[in-house]
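Chemist: please find the sequence and the predicted model below.
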Amino acid sequence: MADVKITSYRKEREAEIMGGLEKAMVAVKGLVQRQAIENIRQGRPYPKWDTGRLGSNIAEHSHVEKEGDTITAVIGT
């Protein structure tokens with residue numbers, strides 16, 4: 001009688017999925033970040049774009065965090 005071997009590739013598939021989710025979160029972070037900066041430039045509703053510091057702080061401090069199974073986009077100053 002022949003042996004049957006069943007192999008689980010769960011960890012590999014989960015890693016692929018998490019990698020895809022992380023890439024997607026980076027893209028979403030970029031979209032939200034750009035829209036926040038554009039809203040500031042256009043003065044909707046406040047603050048107005050005077051020195052550009054707020055927009056550059058948003059760009060500088062926005063990032064994606066990964067902790068365990070949680071991926072979070074942080075957009076702000």
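Modeler: Okay, I see it.

Chemist: what is the neighbour count of residue 55?
Modeler: Neighbourhood size, residue 55 [other Cβ atoms under 10 Å]: 20. Backbone N, C-alpha and C define where each C-beta goes, glycine included.

Chemist: contacting residues for the closest residue to it other than its chain neighbours?
Modeler: Excluding its sequence neighbours, the residue lying closest to residue 55 (Cβ to Cβ, 6 or more residues apart in numbering) is residue 37, at 4.3 Å. If you count contacts by Cβ atoms under 8 Å, 6 or more residues apart in numbering, residue 37 has them with 55, 58-59.

Chemist: give me the subset of these lying in helices.
Modeler: The helices, defined by DSSP state H, take in 55, 58-59 from the contacts of residue 37.

Chemist: turn the residues you listed into JSON lines, including pLDDT.
Modeler: JSON lines is the format used below for the ones in helices among the contacts of residue 37 (pLDDT from 0 to 100):
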{"residue": "55", "pLDDT": "78"}
{"residue": "58", "pLDDT": "83"}
{"residue": "59", "pLDDT": "80"}
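
Chemist: how about the helices of this structure, start to end?
Modeler: Counting by DSSP H, the chain has helices at residues 10-41, 53-61.

Chemist: tell me the angle of the lowest-mean-pLDDT helix or strand in the chain relative to helix 10-41?
Modeler: Ranked by mean pLDDT, DSSP states H and E, the helix or strand of the chain with the weakest confidence is helix 53-61, at a mean of 81. Interaxial angle, helix 53-61 versus helix 10-41 (axes from the mean of the first three to the mean of the last three Cα atoms, to 10 degrees): 170 degrees.

Chemist: alright, that wraps it up for me.
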